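Participant: just the structure for this:
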Amino acid sequence: MVRERPVVLTLEGKTQLEHELEQLRTVKVPMLVARLQQLSTEGDISDNSEYEDTKEELVLAEARIREIEHILRRAQVMTHERRHDLVQLGSRVTVVDEEGTTETWVIVSPEEANAMQGRISIESPVGAALLGKRPGDTVVVRAPGGETRLTIQRVD
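Facilitator: A predicted model of the protein is given here:
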């Protein structure tokens, strides 16, 4: 049997996953089930695209529930104290690129990464390049779109 690696999450990331799981279980899935029941009583479902779309959405929601449950079973909340002199898991990092654009990201595990929320994975090109670096360091990020130089301004 293959041993699964533990998933290290920030407290905020674990809380977000628990909230998403609760929303899926108590709101989204029941709503989709009710909609499927309604559509099935309205007549022929064999050619009903809304029925098929709703059924597919239900399958995806149930898969996401299983995925979150799996992550939470393996989850370990970070217990080490965040340092302000070193980029590590859970650090909030402010960087400036070559054009002078400033961005701030939180470095997280892949399971809680969400670029739209400014949460980047330690396994992403940017996250991997920043990990272990200090304020003032300049890193070269090699990504499919090319190379970018980022200078770390601040670590919180």
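Participant: for the residue nearest to Thr104 when sequence neighbours are not counted, name its beta-bridge partners.
Facilitator: Counting by C-beta to C-beta, 6 or more residues apart in numbering, Thr94 is the residue found nearest to Thr104 once chain neighbours are left out, at 4.5 Å. The way it works is simple: take the backbone N, C-alpha and C, and place the C-beta from them, glycine included. With DSSP bridges applied, Thr94 shows beta-bridge pairing to Thr104, Arg154.
Participant: okay, now Thr94: neighbour count?
Facilitator: 15 (other C-beta atoms under 10 Å).
Participant: got a list of what it touches?
Facilitator: Applying C-beta atoms under 8 Å, 6 or more residues apart in numbering to Thr94 gives the contacts Thr102, Glu103, Thr104, Ile152, Gln153, Arg154, Val155, Asp156.
Participant: could you list every residue that touches the closest residue to the second one other than its chain neighbours?
Facilitator: Put plainly, it is Glu103. Closest residue in space to Glu103, ignoring its immediate chain neighbours: Val95 at 5.9 Å, by C-beta to C-beta, 6+ apart. Counting by C-beta under 8 Å, 6+ apart, Val95 touches Thr102, Glu103, Thr104, Trp105, Leu130, Leu150, Thr151, Ile152, Gln153.
Participant: Val87 too?
Facilitator: Val93, Ile107, Leu130, Leu131, Gly132, Lys133, Arg134, Ile152, Val155.
Participant: can you check Val140 too?
Facilitator: Ala129, Glu147, Thr148, Arg149.
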